[in-house]
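# 3D, please:
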Amino acid sequence: VVISGRFRDISIPVNQPTLAMSAWNEGDREYAANHAIPELFEKLAHEVLEKKPKKPIEWLRSRLNESDFKDFDAGEVRKTAAVDWSRGTALNNEERDALNLQGLLPFSVETLDEQVARCEAQLNYHSSPLGKFIFLNLLRERNPTLFYKVILKNLQTCLPLIYTPVVGEACQKFSEIYRIPQGMYVNLNHKGRVRQVLDNWTHDVDIIVVTDGSRILGLGDLGCNGMGIPIGKLSLYITAAGFHPSRALPVTIDVGTDNQALLTDPLYLGMKQQRCNDEEFYALMQEFLTAVKEKWPECLVQFEDFSNNHCFQLLEMYRSKLRCFNDDIQGTGAVIAAGFWNASKISGTPLSKQKVVFVGAGSAAVGVADTIALLMSKKEDISIEEARKCFYLVDSQGLVLSNRGELPSHKVPWARTDVTEPITGLFNIVKAVQPTALIGLSGQPGIISDEVLKEMANINQRPIIFALSNPTSKSECTAEAAYKATSGKCLFASGSPFPPVELDGKTFVPGQGNNMYIFPGLGFGAWLCKAREVSDAMVIESAVALAEQVGDDLLQQGTMYPPLNNIREISVVIASRVMKQAASEVLCGSLPDNLMQYVKENMWVPEYK
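Modelled structure (predicted):
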């Protein structure tokens, strides 16, 4: 609804309490501020939402005649179609007339495809990956439709720019390259009024990605600089699953940082203090998550890059209280379980006969081990206890053994009871265990050495080598090293992309265990069917759905994952299967007959309306 008044028009979208007064000049704004006009119309917008009058035009005309609006001197009240100002040169002449933009834009009226072509050219003007990241980041804020159209058309080029590996450098330099506010920052000073702070976000929210910046990728504690991860992750949710951009909220919980370099950096934007104690941390998280549940009860919350000492407990505390999951634990687990199952098919060794050494024993490693064990149990009808006997976890002290002493709770189920003497050094562990697979999630670049790789090739005809730490600078080994040391025998996958490798006249294309295969479809399915919680069975079903999208022809070529260019189709399948699983567990209501069509119809598509 547009209300013409003493000066310029005020627009009130009747579906959300926000005002558009950007056409007002400075004098108009000063007058409006002095007469509390923005506050009055914010109140009016909320009244429209609450009362939902059947005849909004007539209701508004009557309301504006009341005394509290006399200073606005309301004239005409009229209904108008919503116009997306961000379209810029795609606004037609009629829209330019309506928005008083004639003369403020060039003559040409462009199509979205023509704007995409210009953006592709502008992207190529930037020589550095970080420069391209900044360009795309600003494009997303200026024109989300154009941004996501560019991304979907150029997935292979753009995904590494908006997320790993480039997002790692962007997070390290977040305070230096900061341009515009994005998302919300909840800090310790907001304790006791977090709900009031959340009310400053005026849009409805369907999905939140939240981090405390304590363990960003393999880069460690980056404090509030870790905000680049929720922003980037939500870009992937929107790209792959079609969440609406205006209903996605990145959040950073700022409780300080133990990164001394940041504490002494004059440009650092976060709280310049050591991280708070656990009591303060959990109290703030409880207040935040309670406020989210109250304000946006249908919202999906995804925990991201919380340190090992908090991530497991947060998940267990809240997974039955609100719709949430942890992508580092459950999403990583599902995507690697899917790739590992396909690698097992290619190698000819059944899941239950695999012997898997995990290089790293943190949240991601335990999440992957948990998920593969559940998949083994589901597909080969063995108990979880039997499945766990296939796994050997390695941390900084060597092979994780039950007789080592007190262990963190997440390592206890995986501690070996059949080995009594400590074994240290990855090569020695490989010699002793004789594994069929190495899964690296340590953040220790090069720890899977040529010596280790050659030994794996001596033991196995098709050794499985997954070097999964992000970004690529933290990968346990490179694709080139893996293929060369094993003479091309290995089945290799990484967390961030590696280029193809030429060896003895053959081209080897590395697999990428990209969480983007899983979390968009898993999250979208859970949100769309309004599942009360994200169950383990829903996570396992997402892994099975992903693995089954790799046909026999691709398996024969040694391919473990489907083409990422088909990510929207992949997400439709995964979301549908997740919803069916939720319904079978009575975690949601009844579902439509044609689930895949229902999922597609609810996906946001980057097109001008």
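# In the stretch 1-150 of the chain, where is pLDDT below threshold?
By pLDDT under 70, the weakly predicted segments of the stretch 1-150 of the chain are 1-45, 49, 56-57, 60-61, 64-65, 67-84.
# Going along the chain, name the strands of it.
2-4, 9-11, 77-78 (DSSP state E, counting those that start in this stretch).
# ok, the nearest residue to A485 once chain neighbours are set aside - contacts?
In space, not counting the residues next to it along the chain, A485 is nearest to L453; the distance is 3.6 Å by C-beta to C-beta, 6 or more residues apart in numbering. For the C-beta atoms, the positions are set from N, CA and C on the backbone; glycine is no exception. Each residue near L453 by C-beta atoms under 8 Å, 6 or more residues apart in numbering is listed here: P463, I465, C477, A481, A482, A485, T486, C490.
# hang on, isn't the first one packed against Q434?
No. Assessed by C-beta atoms under 8 Å, P463 is found out of contact with Q434, at 11.1 Å.
# what ranges do the strands span in the stretch 251-400 of the chain?
With DSSP E, counting those that start in this stretch as the definition, the stretch 251-400 of the chain shows strands at residue ranges 300-303, 324-326, 356-359, 391-395, 398-399.
# Between its first and last residues, how far does stretch 121-140 reach?
Counting by C-alpha to C-alpha, to the nearest Å, the length from the leading to the trailing residue of stretch 121-140 is 16 Å.
# between P463 and Q434, who's got more neighbours?
Applying other C-beta atoms under 10 Å to P463 and Q434 shows that P463 carries more neighbours, namely 25 against 13.
# which residues touch that one?
T436, A437, L438, L453, M456, A457, T486, K489, C490, L491.
# now do I570
When contacts are counted by C-beta under 8 Å, 6+ apart, I570 is found next to A240, Y517, G521, L546, Q549, P562.
# Quick one: these as a markdown table, columns for distance to P471 too.
Compiled in a markdown table, those are given as follows (distance: C-beta to C-beta, whole Å):
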| residue | distance to P471 |
| --- | --- |
| A240 | 20 |
| Y517 | 18 |
| G521 | 24 |
| L546 | 23 |
| Q549 | 26 |
| P562 | 23 |
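# In those, find the pair that's most separated.
By the measure C-beta to C-beta, A240 and Q549 form the most distant pair in the contacts of I570, at 13.7 Å.
# Pick out whichever of these two has more residues nearby.
Between A240 and Q549, A240 has the larger neighbour count (other C-beta under 10 Å), namely 28 against 19.
# Secondary structure element for that one, which one?
When elements are assigned from DSSP states H and E, A240 belongs to helix 228-241.
# Against which helices or strands is that helix packed?
In terms of contacts (3 or more C-beta pairs under 8 Å, 6 or more residues apart in numbering; DSSP states H and E), helix 228-241 is packed against helix 144-153, helix 155-162, helix 166-172, strand 207-211, strand 248-254, helix 519-528, helix 567-584.
# Out of the strands of the stretch 251-400 of the chain, which is closest to E533?
Judging the strands of the stretch 251-400 of the chain by C-beta to C-beta, what sits closest to E533 is strand 324-326, at 7.8 Å.
# so how far is the closest one from its chain's centroid?
Shown here is strand 324-326, whose average C-alpha point lies 11 Å from the average C-alpha point of the whole chain (C-alpha atoms, centre = their mean, to the nearest Å).
# List of residues touching it?
Taking C-beta under 8 Å, 6+ apart as the rule, strand 324-326 contacts 300-304, 306, 311, 314-315, 318-319, 331, 363, 367, 522-523, 526, 533-534, 539.
# The same query, at a cut-off of 10 Å, please.
Applying C-beta atoms under 10 Å, 6 or more residues apart in numbering, the external contacts of strand 324-326 come out as 208, 210, 289, 292-293, 299-306, 311-312, 314-319, 331-334, 363-364, 367, 519, 522-523, 526, 533-535, 538-539.
# Neighbours of Q512, how many?
Taking other C-beta under 10 Å as the criterion, the count of residues near Q512 is 24.
# and if you look at I384?
Neighbourhood size, I384 [other C-beta under 10 Å]: 12.
# That one contacts L374, correct?
Yes. Contact status for I384 versus L374: in contact at 7.0 Å, counting by C-beta atoms under 10 Å.
# Residues in contact with both of those two, list them for me.
Here I384 and L374 share no contacting residue, scored by C-beta under 10 Å, 6+ apart.
# need the helices for the stretch 301-450 of the chain, in chain order.
Assigned by DSSP state H, counting those that start in this stretch, the helices in the stretch 301-450 of the chain fall at 308-318, 332-347, 363-380, 384-388, 426-433, 450-459.
# That should have said the stretch 51-200 of the chain, apologies.
Read by DSSP H, counting those that start in this stretch, the stretch 51-200 of the chain holds these helices, from start to end of the chain: 56-64, 93-98, 112-125, 129-142, 144-153, 155-162, 166-172, 174-177, 194-198.
# Save these as a markdown table, and put in mean neighbour count too.
Supplementary listing: the helices of the stretch 51-200 of the chain in a markdown table, determined by neighbours: other C-beta atoms under 10 Å:
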| stretch | mean neighbour count |
| --- | --- |
| helix 56-64 | 16 |
| helix 93-98 | 13 |
| helix 112-125 | 14 |
| helix 129-142 | 18 |
| helix 144-153 | 21 |
| helix 155-162 | 19 |
| helix 166-172 | 23 |
| helix 174-177 | 19 |
| helix 194-198 | 17 |
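# closest to M285 out of those helices?
Using C-beta to C-beta as the measure, helix 194-198 is the one of those that comes nearest M285, at 9.8 Å.
# related to what we said a few turns ago, any chance you could list residues touching both of P463 and Q434?
E455, M456.
# I'd like to know how many residues surround T507.
Close neighbours of T507, defined as other C-beta under 10 Å, add up to 8.
# is it true that it lies in a helix?
No. Following the definition DSSP: H, G, I helix; E, B strand; the rest coil, T507 is strand and is not counted among the residues of a helix.
# shouldn't it be in contact with P500?
Yes. With contact taken as C-beta under 10 Å, T507 and P500 are classed as touching, separated by 5.3 Å.
# Surely G168 is in contact with G443?
No. Under the criterion of C-beta under 10 Å, G168 makes no contact with G443, lying 11.2 Å away.
# Which residues are in contact with each of those two?
L217, G218, L219, N470, S473, K474.
# quick one: least confident of those?
In terms of pLDDT, the lowest of the shared contacts of G168 and G443 is G218, showing 83.
# Quick one: residues contacting D381.
With C-beta under 10 Å, 6+ apart as the criterion, the residues that contact D381 are S352.
# rewinding a little: so which of the helices of the stretch 301-450 of the chain gets nearest D278?
Shortest separation from D278 across the helices of the stretch 301-450 of the chain is recorded for helix 308-318, at 7.8 Å, computed as C-beta to C-beta.
# Can I get the closest one as CSV, trimmed to CA atoms?
Presented in CSV, the C-alpha positions along helix 308-318 are these (Å, rounded to 0.1, in the frame of the first residue of the first chain):
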residue,chain,number,x,y,z
ASN,A,308,34.7,-29.5,20.0
ASN,A,309,34.2,-28.6,23.7
HIS,A,310,30.8,-27.1,22.8
CYS,A,311,29.4,-28.5,19.6
PHE,A,312,28.4,-32.0,20.8
GLN,A,313,26.7,-30.7,23.9
LEU,A,314,24.8,-27.9,22.1
LEU,A,315,23.4,-30.4,19.6
GLU,A,316,22.3,-32.8,22.3
MET,A,317,20.8,-30.1,24.4
TYR,A,318,18.7,-28.6,21.7
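# Could you give me the buried positions within it?
By 16 or more other C-beta atoms under 10 Å, the buried positions in helix 308-318 come out as N308, H310, C311, F312, Q313, L314, L315, Y318.
# Including distance to R195 and pLDDT, could these go into TSV?
Output for those, formatted as TSV (distance: C-beta to C-beta, whole Å; pLDDT from 0 to 100):
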residue	distance to R195	pLDDT
N308	29	91
H310	22	96
C311	24	95
F312	27	93
Q313	23	95
L314	19	97
L315	23	96
Y318	17	97
